[in-house]
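Peer 1: The following comprises the amino acid sequence and a computationally predicted model.
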2 protein chains.
Amino acid sequence: MLDFIGRLTARQRDPRLLLGPGDDCALIRAAPGRAIVLTTDEMAEGTHFLLPRSTPEQIGRKLARINLSDMAGMGNAVPVAALCGAGLPESTPWQWVRKFTEALMSELNSFNVSLAGGNLTRSDKIHVYLTVTGEAKPSETARRGGARPGDIIFGIGAFGEARAGLEILLSGKPAEPRFKKLLDSFWLPPIQLEAGAVIGKRRLAAALMDNSDGLYKSVKTIAAASGCGALIEVNEDALSPALAAYCAARKKNWRDYVVSGGEDYGLVLAVNPRKARDFIETFPRACCFGVMTAGRDILFHENCKPRNFEHF
Amino acid sequence: MLDFIGRLTARQRDPRLLLGPGDDCALIRAAPGRAIVLTTDEMAEGTHFLLPRSTPEQIGRKLARINLSDMAGMGNAVPVAALCGAGLPESTPWQWVRKFTEALMSELNSFNVSLAGGNLTRSDKIHVYLTVTGEAKPSETARRGGARPGDIIFGIGAFGEARAGLEILLSGKPAEPRFKKLLDSFWLPPIQLEAGAVIGKRRLAAALMDNSDGLYKSVKTIAAASGCGALIEVNEDALSPALAAYCAARKKNWRDYVVSGGEDYGLVLAVNPRKARDFIETFPRACCFGVMTAGRDILFHENCKPRNFEHF
C-alpha cells in the first residue's frame, strides 16, 4: 500500500518538495524571509462522517479543504505541502484507500499543495488527519486576538448551508435537486485562501479566523482572544437562496443556521471602522454581523437570538 | 480543555515559536538557508497500547520519541516544534488528557522542541498523533536510497530489547527487576538525534534510517530504496546483557529478537568501506550487521537466519 502511495505521489513535480514520501521525513524548501505556518485537522468515522454513506473521495477532498481553511484564517499564508496520517481497520478495501488518497492529493494539488508523506496505522474505525505546512510573512498574518470595541464584524462565505446539508445527509433521504448546493457546502466548502491573502497583505483585519464551528463560536473566540464582547446581528444579506428555500420548506428559522451552524469554513473577521469602507469595496459580498463591544458578553440583536440557543 | 492546553503550553518560552497554540495555525521562525523537515507518527489504542495497562505519561513520552526518531533518521536534522492531534472518547477522564499533554510537552521540551498547537476530536477509541517540523541543511541529510553493494551495514542503539519488553507487558505479569530495562526500551526508547547529527554533518552514511520495524525490515527498506541486496549477519556485539538474560530465562533465540523485533528506534545505516574506519572510531559501540550486496535478495548468514521467519 505504501508502495502505491509512493508511486502516486511521485507524479507530483514540485520544486519546493526536496524529498517527498518514502523516507523518514519530508524535506521542503523554505522561502527566504518567511515564517513556517503549520496546522492540523482530523476527520473521524462516527464523528465527521458515517460509512458507507460517505465516499472516500468526499472524505479526502474535505480533509484537504478543512486544513487549507485554517491557512486562510491566518491571512496571507501560502500552503506548500501536507502530510497525511490514516488509521484504518484491517478490513478497509484497498480501493477505498486508493480513492481517498487520489482525491486528497488531487484536491491538494488544485491548491498548489503537494502531498509530501504520511503515516498509516491500524485502528478499529477509520480516522484520517492532515498536517499542512506553509509560508507567510509574519507581518501579513492576522490573528484572533487583535479586535477592539467598535470593530465591525464581517463574514465571508456561506453561513448555515453546511448544517442544512448535514441535516439532509442525516435524514437518509435523497436530496431534492434544489438542495444539492447545501450538500456541496457540507462536503466541498469553498476555501477562502484568496480572500485571506488579500486581507493579510492589506492588513484589513484586526482579528481573523476561519469559521469552522459557526458564527457564534467564531465571534466568541475572537472576543475572548481580544478581551472584548460582541453584539451579533444577522440581516438578510446573510441568507443564501439555497438556505432560504430549505428553511421555508422545513419551517425552520434560517438565522439559527447562520448563527449556530458549523462546518461552513468561510472567514469571520473584525475590521477597524476606518478600514471598513476599503474592506467593503474589496469584498462587496461580505456580510456584516454586528460589532465588537466593550465588556465580555456576547449579545444578540433581538431578530437573531436563537430560540433554542442552549441546545447548540 | 483547550484552555488548559493553552495555559500549559504558554509556559514554553521559545523565540522560534512566533505564535503558539490557540490560533488557526502555529507560526515558526524559519532558519535562513535551512530546509523544512517534516514527519508524523501515530499511536492507536489496541495497536500501539492497551488501556488501562498503559499510562498517559508512557504514551505521551513515547509519542514524542518515535517522532523525534524519524528526525534522527534524516541525519543532521534539528527538530523545532510539534503539533499534536488526539481522538478521544467522550468518557476520557480529564486527568488522562492533562497527564498525557504534560508528559508529551515535557518530553518534547527536553529535546528543545516546543508544542505549538494541535487538534482534538471525538473518537471511539483513543489515538494520538504528532507532527514534528524541524530544520536541516539538505547537504547534511542522509536518505534511504544511497547504499551501494559493498557498503557495510551498521546499527546504533539497542536491538531486540523493545520486543522482549512488549512480550513482558503482554504477559500481564509484573516484570522481574532484572528485566526492567526491557520495559524501558519499549516505552522510552533512546533517540539517536546526536548520532544522527554527527552522521549527517560528517556525511558518514551512504543510507540511513531509524529502526522502527526491526533490523530486517530496515535493511530491506534501505536495500529496496538503493536497488541493492544485503547479507545480514548478527554477531554477539549486538546482544545486550538484558536481552541475553531474558532469552536465557525464556529459552529463546536472541538473534530472532535482534533481527525481527520492532520499535527499537535506533539507527540503521550503510557505510562506504572507505568511511568505515572513521565511522567505527566515532561510534565504537555501533554493531556491524553485514554488508550490502549486488542483486536484490536479502540473505542471512546461517547463524542468524530466523527459524520462524515467515511468522514475523
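Peer 2: In hand now; what should we look at?
Peer 1: Against A:Val78, how distant is A:Glu135?
Peer 2: Per Cβ to Cβ, to the nearest Å, A:Glu135 is found 5 Å from A:Val78. Every C-beta, even on glycine, is put in place using the N, C-alpha and C of the backbone.
Peer 1: Neighbour count for the two, which is higher?
Peer 2: Between A:Glu135 and A:Val78, counted using other Cβ atoms under 10 Å in any protein chain shown, the more crowded position is A:Glu135 (22 against 17).
Peer 1: Let's test this: what are the backbone torsions at the more buried one?
Peer 2: As for A:Glu135, its main-chain torsions (degrees, to the nearest 10) stand at phi -130, psi 150.
Peer 1: what are the ranges of the strands in chain A?
Peer 2: Assigned by DSSP state E, chain A shows strands spanning A:17-19, A:26-28, A:35-44, A:78-88, A:114-122, A:127-136, A:152-156, A:207-210, A:229-232, A:267-271, A:287-293, A:298-300.
Peer 1: Include mean pLDDT and distance to chain B when you put these into a markdown table, please.
Peer 2: Formatted as a markdown table, these follow (pLDDT from 0 to 100; distance: least, Cβ to the nearest Cβ, whole Å):
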| stretch | mean pLDDT | distance to chain B |
| --- | --- | --- |
| strand A:17-19 | 92 | 6 |
| strand A:26-28 | 93 | 4 |
| strand A:35-44 | 97 | 4 |
| strand A:78-88 | 97 | 5 |
| strand A:114-122 | 94 | 4 |
| strand A:127-136 | 98 | 4 |
| strand A:152-156 | 98 | 14 |
| strand A:207-210 | 98 | 6 |
| strand A:229-232 | 98 | 18 |
| strand A:267-271 | 98 | 10 |
| strand A:287-293 | 98 | 18 |
| strand A:298-300 | 95 | 17 |
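Peer 1: Residue numbers of the stretch 151-300 of chain A in contact with chain B?
Peer 2: With Cβ under 8 Å from any Cβ of the partner chain as the criterion, the stretch 151-300 of chain A comes near chain B at residues A:Met209, A:Asp210, A:Ala225.
Peer 1: How about the contacts made by the last one?
Peer 2: Okay, so that is A:Ala225. Applying Cβ atoms under 8 Å, 6 or more residues apart in numbering or on different chains to A:Ala225 gives the contacts A:Arg143, A:Arg144, A:Gly145, A:Ala147, A:Ala207, B:Gly22, B:Asp23.
Peer 1: Kindly report the same for A:Lys220.
Peer 2: When contacts are counted by Cβ under 8 Å, 6+ apart, A:Lys220 touches A:Ala230, A:Ile298.
Peer 1: now swap in the one 10 residues further on and tell me
Peer 2: If a contact means Cβ under 8 Å, 6+ apart, then A:Ala230 has A:Ile153, A:Val219, A:Lys220, A:Ile222, A:Ala223, A:Gly290, A:Val291, A:Met292, A:Thr293, A:Ile298, A:Leu299 as its contacts.
Peer 1: So in terms of bridging, what pairs with the closest residue in space to the fifth one that isn't next to it in sequence?
Peer 2: The one in question is A:Ala223. In this structure, A:Ala223 finds its nearest non-sequential neighbour in A:Ala230, 4.8 Å apart by Cβ to Cβ, 6 or more residues apart in numbering or on different chains. According to DSSP bridges, the partner residues bridging A:Ala230 are A:Met292, A:Ile298.
Peer 1: Distance check, A:Ala230 against B:Pro190.
Peer 2: A:Ala230 is 51 Å from B:Pro190, by Cβ to Cβ.
Peer 1: now A:Ile191
Peer 2: A:Ile191 is 43 Å from B:Pro190, by Cβ to Cβ.
Peer 1: Comparing these two, which shows the higher neighbour count?
Peer 2: Taking neighbours as other Cβ under 10 Å, A:Ile191 and B:Pro190 compare with A:Ile191 leading, 25 against 17.
Peer 1: wait, doesn't A:Ala77 sit right on A:Val37?
Peer 2: Yes - contact between A:Ala77 and A:Val37 holds when scored by Cβ atoms under 8 Å: they sit 4.4 Å apart.
Peer 1: out of those two, which sits in the busier spot?
Peer 2: For A:Ala77 and A:Val37, the more surrounded residue by other Cβ under 10 Å is A:Ala77, and the numbers stand at 32 against 28.
Peer 1: Just list the residues touching the more buried one, thanks.
Peer 2: Contacts for A:Ala77 (Cβ under 8 Å, 6+ apart) come out as A:Val37, A:Met71, A:Gly134, A:Glu135, A:Ala136, A:Thr141, A:Gly196, A:Ala197, A:Gly200, B:Cys25.
Peer 1: make it 10 Å
Peer 2: Residues in contact with A:Ala77, defined by Cβ atoms under 10 Å, 6 or more residues apart in numbering or on different chains, are A:34-39, A:68, A:70-71, A:132, A:134-137, A:140-142, A:193, A:196-197, A:200, B:24-25, B:27.
Peer 1: same check, this time on A:Ala223
Peer 2: By Cβ under 10 Å, 6+ apart, the residues touching A:Ala223 are A:144-145, A:147, A:149, A:153, A:207, A:229-230, A:232, A:270, A:292-293, A:295-298.
Peer 1: make it 7 Å
Peer 2: A:Ala147, A:Gly229, A:Ala230, A:Met292, A:Ile298 (Cβ atoms under 7 Å, 6 or more residues apart in numbering or on different chains).
Peer 1: any chance of those residues in a markdown table, plus distance to B:Pro52?
Peer 2: As requested, the contacts of A:Ala223 are exported to a markdown table (distance: Cβ to Cβ, whole Å):
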| residue | distance to B:Pro52 |
| --- | --- |
| A:Ala147 | 44 |
| A:Gly229 | 43 |
| A:Ala230 | 43 |
| A:Met292 | 46 |
| A:Ile298 | 40 |
